[in-house]
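Asker: The amino acid sequence is not available; the structure is as follows:
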């Protein structure tokens, strides 16, 4: 559940949802354009809009089964655009997620250090148990 909350936060904070919606729109439009171009060229492999959508998804995912292929120049250009955009979007989203997690870890470390400094400032007021916990955390941090 916590991971889903972090994922939702990433989508909300970074605008990744807009990228994905735009990319899905691009896939649908390109798939439909591919259907029109290939159907009019009498491509026997792309006979329905679903065939074209299937081909666009397979192409975007860089799977490329080869069971459906475009025969027109425009169809091949659309396919190249799908391949390039698929790789770019996957790389972009991966980078966004990695950056978000790194910033999250830095914030957590900064909070931990701030708490540690605050306790050090109150050192004379700490109980024996608090001093022992603080000592264990210092040793643990030192051994990292």
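Answerer: Arrived safely. Model, not experiment: these values are computed from the prediction.

Asker: Centre-most residue in this protein?
Answerer: Closest residue to the average C-alpha location of the chain: residue 93 at 3.3 Å, with CA atoms, centre = their mean.

Asker: Assign it to helix, strand or coil.
Answerer: Secondary structure, DSSP: H, G, I helix; E, B strand; the rest coil: residue 93 is helix.

Asker: ditto for residue 71
Answerer: Assignment for residue 71 (three-state DSSP): coil.

Asker: contacting residues for the residue nearest to the centre of the chain?
Answerer: By CB atoms under 8 Å, 6 or more residues apart in numbering, residue 93 lies in contact with 16, 19, 20. For every residue, glycine as well, the C-beta is placed using N, CA and C.

Asker: What distance do you get for it to residue 10?
Answerer: The gap separating residue 93 from residue 10 is 9 Å, by CB to CB, to the nearest Å.

Asker: Overlap in contacts, the two.
Answerer: residue 16.

Asker: what about whatever helix or strand residue 138 lives in, distance to the chain center?
Answerer: Applying DSSP states H and E as the criterion places residue 138 in helix 128-142. In terms of CA atoms, centre = their mean, to the nearest Å, the centre of helix 128-142 is found 38 Å from the chain centre.

Asker: Report the mean per-residue pLDDT for it.
Answerer: Here helix 128-142 scores 79 as its mean pLDDT.

Asker: Contacts for that helix, please.
Answerer: Residues contacting helix 128-142 (CB under 8 Å, 6+ apart): 116, 119, 120, 123, 126.

Asker: Which of those residues ranks first by neighbour count?
Answerer: Counting neighbours by other CB atoms under 10 Å, residue 119 comes out on top of the contacts of helix 128-142 with 16 neighbours.

Asker: so how far is residue 106 from it?
Answerer: Distance from residue 119 to residue 106, by CB to CB: 21 Å.

Asker: What is the neighbour count of residue 96?
Answerer: 17.
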